[in-house]
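In: Turn this into a structure:
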Amino acid sequence: MTARTLRPVVAPTPAPARVAIVAPEAESLDAALVARVRDVHPDVLVVLGARVRNGLPGHHLLQRVATAFALFRALGDRPSLLLTGGRGEALAMRDLLVARGVPESKLLLETRSGSTVQNAQFSTAMLAHASQRFRSVLIVTTAVLRGGRVADDHAQRAFNDFSRFRRSYRLSSVSVNAEPWIAPRIYVSPDRSAHARWRASR
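Out: As a prediction, the model looks like this:
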């Protein structure tokens, strides 16, 4: 099934019901998105890396870490977090999460990848050989902007890349951006079959 035949779940963003996201910035996560994530019961969050310059994390990496941390808390601190990205990205994410009180025992680091496809390839291999058996994997990322517009629905692209290497677990992908005009998106495979489906939120 190609990406063209699949429809994203675009989470609604009503102003009244929001769950506070823990900084670096003062963004919040939509309550409907949090509820949808809880529905898939992820036992590991795979946080995709983004550019680090001179040891300093950029806007996208900070936002991905903030979203992952908020979801980690919303899920009762239960999931593991697999931080994926070479060139210092996974290490920077580790430092940010540990500074927020996440136990290092909850963190898995993949430090070789240099692209989304490699994120998927190397992370999937780590999950397959981990001592814990993971049943539901949630990818955490952000949409990529160019010229003030969404140029890359990275949640969908990452979902497709991870689907190529997926083993026996349910796969989901979410993107949340700091910009309030960009609606959060979530993609969910309803089961462990080889063909993922997108469902409109009800």
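
In: could you pull out the helices for the protein?
Out: 31-40, 59-74, 89-99, 116-129, 154-165 (DSSP state H).

In: Most tightly packed of the ones you listed?
Out: Most buried of the helices of the chain by mean neighbour count (mean count of other CB atoms under 10 Å) is helix 59-74; its value is a mean of 23. For glycine as for every other residue, the C-beta is placed from the backbone atoms N, C-alpha and C.

In: what residue is smack in the middle of the protein?
Out: residue 140 (0.7 Å; CA atoms, centre = their mean).

In: which ones are touching that one?
Out: With contact taken as CB atoms under 8 Å, 6 or more residues apart in numbering, residue 140 is in contact with 45-48, 64, 67-68, 71, 174-176.

In: Farthest pair within those?
Out: Within the contacts of residue 140, 46 and 176 form the most distant pair, 14.5 Å apart (CB to CB).

In: more neighbours, the two?
Out: Each of residue 46 and residue 176 has its neighbours counted (other CB atoms under 10 Å); residue 46 has more, 31 against 28.

In: now that one: how far from residue 164?
Out: Relative to residue 164, residue 46 is positioned 14 Å away (CB to CB, to the nearest Å).

In: same question, residue 94
Out: Residue 94 is 26 Å from residue 164, by CB to CB.

In: Same question for residue 41.
Out: The separation that residue 41 has from residue 164, given CB to CB, amounts to 23 Å.
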